[in-house]
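Novice: Predicted model follows, preceded by the sequence.
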Amino acid sequence: MSHIRRAARQNKTMLMKTGSYYVIHICVAALVAYAVTGNLWASLTLSLLEPTVQAVAFFFHEKAWDRAARRGANDATQAPRPAALQAV
């Protein structure tokens, strides 16, 4: 359980962003599903299922971009200097 709490603390902003995205996505999905199907139960089911899967995918998408940005920053600071700029 402490691992989950630590992960939540370390990713607080990203989890809050994911949560707000989830709520907005559910509302939009419910409206679109109801407009297409005209069925309240079908629209509620679709609006909960699809955004839930999307929210999980979004979290890992953000984590991957975060990792790529950190890797790019590390590569830039550790890049070897061209031979012409090295001290003789």
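Specialist: Cool, the structure landed.

Novice: Only the buried residues of stretch 62-81, if you could.
Specialist: Glu62 (16 or more other CB atoms under 10 Å). Quick note: C-beta positions are derived from backbone N, CA and C, even for glycine.

Novice: What of stretch 33-47?
Specialist: The neighbour-count criterion (16+ other CB under 10 Å) identifies 33-34, 43, 46-47 as the buried residues of stretch 33-47.

Novice: how far is that stretch from where the chain is centred?
Specialist: Using CA atoms, centre = their mean, to the nearest Å, we find the averaged C-alpha position of stretch 33-47 to lie 26 Å away from the chain's own average C-alpha position.

Novice: From the buried residues of stretch 33-47, which land in helices?
Specialist: Under the assignment DSSP state H, the buried residues of stretch 33-47 contribute 33-34, 43, 46-47 to helices.

Novice: quick revisit: what's the most distant pair in the buried residues of stretch 33-47?
Specialist: Within those, two members stand farthest from each other by CB to CB: Tyr34 and Leu46, at 9.1 Å.

Novice: circling back: out of the ones in helices among the buried residues of stretch 33-47, which is nearest to Ala8?
Specialist: Scanning these for proximity to Ala8, where the rule is CB to CB, the winner is Ser47, at 25.5 Å.

Novice: wait, doesn't that closest one sit right on Ile26?
Specialist: Yes - here Ser47 reaches Ile26: they are 5.2 Å apart, a contact under CB atoms under 8 Å.

Novice: before we move on, the earlier item: kindly present the buried residues of stretch 33-47 as JSON lines, with separate columns for pLDDT and distance to Arg67.
Specialist: Converted to JSON lines, the buried residues of stretch 33-47 look like this (pLDDT from 0 to 100; distance: CB to CB, whole Å):
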{"residue": "Ala33", "pLDDT": "91", "distance to Arg67": "34"}
{"residue": "Tyr34", "pLDDT": "94", "distance to Arg67": "38"}
{"residue": "Ser43", "pLDDT": "92", "distance to Arg67": "36"}
{"residue": "Leu46", "pLDDT": "87", "distance to Arg67": "32"}
{"residue": "Ser47", "pLDDT": "88", "distance to Arg67": "31"}
